[in-house]
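Undergrad: here is my input; please provide its structure:
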Amino acid sequence: MGHVRDLPKGAGEIPTSLKKEKWSRIGVNTSADFEPLYVVPKDKKKVVRELKSALKDAKELLLATDEDREGESISWHLLELLKPKIPTKRMVFHEITKQAITKALQKPRDLDMGLVHAQETRRILDRLVGYTLSPLLWKKVAWGLSAGRVQSVSVRLLVKRERERRAFHSASYWDLKTILEKESTPIEARLVSFKDKKIAKGSDFDEKSGKLKKTSKANLLKEKEAKELANALEKDKWTVKSIDKKPTIRKPVPPFTTSTLQQEANRKLRLSARETMRCAQGLYERGFITYMRTDSVNLSQQAINAARQSVELKYGKEYLSESPRKFSSSTRNAQEAHEAIRPAGESFKVPQDTSLNGRDLALYELIWKRTVASQMAEARLTMLSVDISVSEAIFRATGKNIDFPGFFRAYVEGSDDPEAALEGQEILLPDLDVGDELDSKAVDAIGHQTKPPARYSEASLVKTLEKEGIGRPSTYASIIGTIVDRGYASLNANSLAPTFTAFAVTSLLEEHFPDLVDTTFTARMESSLDEISSGSVEWLPYLEAFYKGSKGLAAQVDKREGDIDGKAFRKVDLAGLPCTVRIGSNGPWLEGKRINENGEEVDAKGNLPMDITPGDLDINKVKQILDGPSDLGSHPETGEKVYLRFGPWGPFVQLGEATDKKEKPRRASLPKDVKTEEISLADALKLLSLPRFLGNHPDGGKVEARTGQFGPYIVWDKGDGEKPDNRSLKKEDDVYQIDLKRALELLAIPKLGRGGRLALRDLGRPKGEKENIHVYNGPYGLYVKQGKINASLPKDKDANEVTLEEALQLLEVKKSSKKTTVSKRKKSKTVSKKKSPSKTKSGHQRVSNVNVIKTKE
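TA: Numbering: from 1, shown residues only. Model (predicted):
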């Protein structure tokens, strides 16, 4: 349920008696020792009522919230709200198993007020930063923007990386690759030196100039020189000059923490941090894994025994580490729960023996493998480096032999570099001796371009935040989600690309509030909050120093607000581009110059598509947007002009001019893989041909082929007010070529239910209804579904036994219960409208009956 009490989120939650108080907007009385104003949110009042009702007949109250700082805070809030007159105990556990719960019941403890105060201080601090800076951003940049203690630092990291990418100058260089053979076994080798001089590679170039670094003494090969050398060496004698063998070992990585779980799930399963935590929460609640918000890499003795038992059963005794392996956290200020994320219980369920499927199974398997691998033997490898001489050149072949796989059998950690080879992959070379002669099959000249630093993925951003000691791992998922939701970054191909709004806001904060976006300052702040948690620092003096006084946040914002020129920060100038990007209420737009039909330079403006980021904008895109609609030619049948235009949602083609306001000209968006500079009249006409009428459905209605936000699809428009039936096209289908026969085949395939579930049965459509009823198997058992209404089947009812009439009866009961709930809500709204007083002078509706509880010293 989360927090049942919190600081007010808006004016509607502030009690009428306090609305005139200036501090009430923040929800913290900064003049009275930062006393927080706590209210019960509207969506939590029902929970509180139910708990109070249940408490009446209870003999004992157990506060069993999560064992971390947030959980301790929720327990305290519950205690303050419920005011129990019966014995109350705090029980903590990190897994939902019978043994863990029994143990927690036997060993209750008191509330840890140190953790409560630490969470409260953190919450107040975040509120002070957010509610003091955000209104400034609304006035100076754009309405609806937000700032945050960790959020703003994270956005700046993205912006700094994008600036580095824009400042980057690509360089080209060449080298040689050869395929050699010994006894029919191929050996790949690359040129490393020529005439005793090292050959230049990517790391030898300066990123800002694109030229060789001044300190580099490498030989830069040009294309012509590389090809001539390749031809000259191909027929020469190739001899093994030296062989270097280095035995090495690899140790398993520690079990998962919150941060490392988010990183690996992003790399290997392509799950966002938010999706990972949602999935992990479900696994924890159903008793599959231990608590998923933790900084600790420690495993309990029970977990170590279970992991070692799993290794012995699945891989054999020889794969066990010599002694139980224990880990200690290297993360700055590690705390929260006291054990790593692992499979729950005294023995670990093998992934295939669980009832899990989909991403739940994939995530559980990841956790199982990593935990089990932590108790496995080290992997033993031999790294090989073979230098091969030919004329005045030296080529090098590298190999890797896995002598004993050890923990590689269970788990190999992923990499943020998609081109990096996995640790567990062998690179085999034949047996070679110094002096061996090798046959050259081919020598190729290979051209390379240096690449700009990669954008942050969710995994690499989480890794950087944790390394710098910024924020808590348990909050990273919500922070990244907020950054994307508020329009500070877009997530494309697993990369976080900052937007123009992010550039504008970061520039303002860097110039006027540099400490608040400085990683070192934010990390020190995090350390101070942890010291408050341990009791070594007092919370009140810390808040006083941060917020009040001449150097405090409140004074700094008041002082600088008048000095900040909003217009200067509502624009973004990018080096090398003859234009300015302005931040408007409807999104970013371009302002610059263009050449008109008379050859004169005139002012020009143009919409900037939402999906174009600062890193994507180049001189060609600027010219296209500022030049206005491009005439691609005329339609061969109608004679109407076909234009390429740019709108807020990206480039599109348009047939004809907009002459009648009621009838918009036909338009079609360009697919993401189509470049605007390559679009032809034929391409445009093809896009404008959609939707295509394929024919009439045998059961009535028409069938069309269309394309939409999620790709191409077919639609069966049944008419008579019935809901259309859609199906996405398969990979092998072409939206421009598909015929009626194939469309009917796709429509005959049962539709997937929520979560990608396939319907077990189609019970048909009841008389007078518009939609069929289907039977599905969900995480909580069998259920029937019609439209948006679901109804669970009785536990003793089989999917093949349920009839249409029984399903209809279950759905009717569900519909009637929903109607009753809606009716009660409407009734309560009517009552509240009658009782509510008039609006305040500020225009906010007064809200009565809000539970307000203030903290006491």
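Undergrad: residue boundaries of the helices in the stretch 301-450 of the chain?
TA: Assigned by DSSP state H, counting those that start in this stretch, the helices in the stretch 301-450 of the chain fall at 301-314, 358-373.
Undergrad: between the ones you listed, which one is closest to residue 478.
TA: Among these, the nearest to residue 478 by Cβ to Cβ is helix 358-373 (18.5 Å). Where C-beta positions appear, they are placed from N, C-alpha and C, glycine not excepted.
Undergrad: what's the spacing between the residue lying closest to residue 646 once chain neighbours are set aside and residue 591?
TA: For residue 646, ignoring the flanking residues on the chain, the nearest one in space by Cβ to Cβ, 6 or more residues apart in numbering is residue 625 at 5.0 Å. Look at residue 625 and residue 591: by Cβ to Cβ, to the nearest Å, they are 11 Å apart.
Undergrad: looking at these two, which is more packed in?
TA: Neighbour totals were compared for residue 625 and residue 591, and residue 625 leads with 25 against 14 (other Cβ atoms under 10 Å).
Undergrad: residue 188 contacts residue 397, doesn't it?
TA: Yes: Residue 188 is within contact range of residue 397, at 6.4 Å (criterion: Cβ atoms under 8 Å).
Undergrad: shared neighbours, those two?
TA: Common neighbours of residue 188 and residue 397 (criterion: Cβ atoms under 8 Å, 6 or more residues apart in numbering): residue 180.
Undergrad: who has more neighbours out of those two?
TA: The neighbour comparison of residue 188 against residue 397 (other Cβ under 10 Å) goes to residue 397, with 21 against 14.
Undergrad: check the secondary structure at the closest residue to that one other than its chain neighbours for me.
TA: Distances taken as Cβ to Cβ, 6+ apart put residue 189 closest to residue 397, at 4.0 Å, once the chain neighbours are dropped. Three-state call for residue 189 (DSSP: H, G, I helix; E, B strand; the rest coil): strand.
Undergrad: how close does residue 189 get to residue 727?
TA: Using Cβ to Cβ, we find residue 189 at a distance of 52 Å from residue 727.
Undergrad: between those two, who's got more neighbours?
TA: Neighbour count, other Cβ under 10 Å: between residue 189 and residue 727, residue 189 has more, with 24 against 17.
Undergrad: gap between that one and residue 429?
TA: Distance from residue 189 to residue 429, by Cβ to Cβ: 10 Å.
Undergrad: quick check: neighbours shared by the two?
TA: Residues within reach of residue 189 and of residue 429 at once, by Cβ under 8 Å, 6+ apart, are 386, 397.
Undergrad: quick check: pLDDT value at residue 339.
TA: For residue 339, the model assigns a pLDDT of 89.
Undergrad: if I pick it, what's in contact with it?
TA: Residue 339 sits next to 94, 290-291, 294, 296, 298-300, 303 when contact means Cβ under 8 Å, 6+ apart.
Undergrad: grab the nearest non-local neighbour of the residue most central in space within the chain.
TA: Ranked by distance to the mean C-alpha position of the chain (Cα atoms, centre = their mean), the top residue is residue 272 at 3.3 Å. Among residues not flanking residue 272 along the chain, residue 458 sits closest, at 5.8 Å (Cβ to Cβ, 6+ apart).
Undergrad: thought the one you found was touching residue 496?
TA: Yes: the pair residue 458 / residue 496 is scored as a contact, 6.8 Å apart, by Cβ under 8 Å.
Undergrad: overlap in contacts of these two?
TA: In contact with both residue 458 and residue 496: residue 480, using Cβ under 8 Å, 6+ apart.
Undergrad: thinking again about what came up before, need the contact list for the residue nearest to residue 272.
TA: 262, 266, 272-273, 480, 491, 494, 496.
Undergrad: so it versus residue 277, what's the distance?
TA: 11 Å.
Undergrad: which neighbours do those two have in common?
TA: Common neighbours of residue 458 and residue 277, counting by Cβ under 8 Å, 6+ apart, are residue 262.
Undergrad: now the strands for the stretch 751-857 of the chain?
TA: For the stretch 751-857 of the chain, the strands defined by DSSP state E, counting those that start in this stretch occupy 761-764, 773-778, 781-786, 789-792, 852-854.
Undergrad: now these in a markdown table, with mean neighbour count, mean pLDDT and distance to residue 314?
TA: Below are these laid out as a markdown table (neighbours: other Cβ atoms under 10 Å; pLDDT from 0 to 100; distance: least, Cβ to Cβ, whole Å):
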| stretch | mean neighbour count | mean pLDDT | distance to residue 314 |
| --- | --- | --- | --- |
| strand 761-764 | 15 | 83 | 38 |
| strand 773-778 | 20 | 85 | 29 |
| strand 781-786 | 20 | 87 | 31 |
| strand 789-792 | 16 | 88 | 37 |
| strand 852-854 | 14 | 41 | 53 |
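Undergrad: circling back to that earlier point, quick one: distance of whichever strand or helix holds the residue nearest to residue 646 to the chain centre.
TA: Using DSSP states H and E, residue 625 sits in helix 619-627. For helix 619-627, the separation from the chain centroid amounts to 31 Å (computed by Cα atoms, centre = their mean, to the nearest Å).
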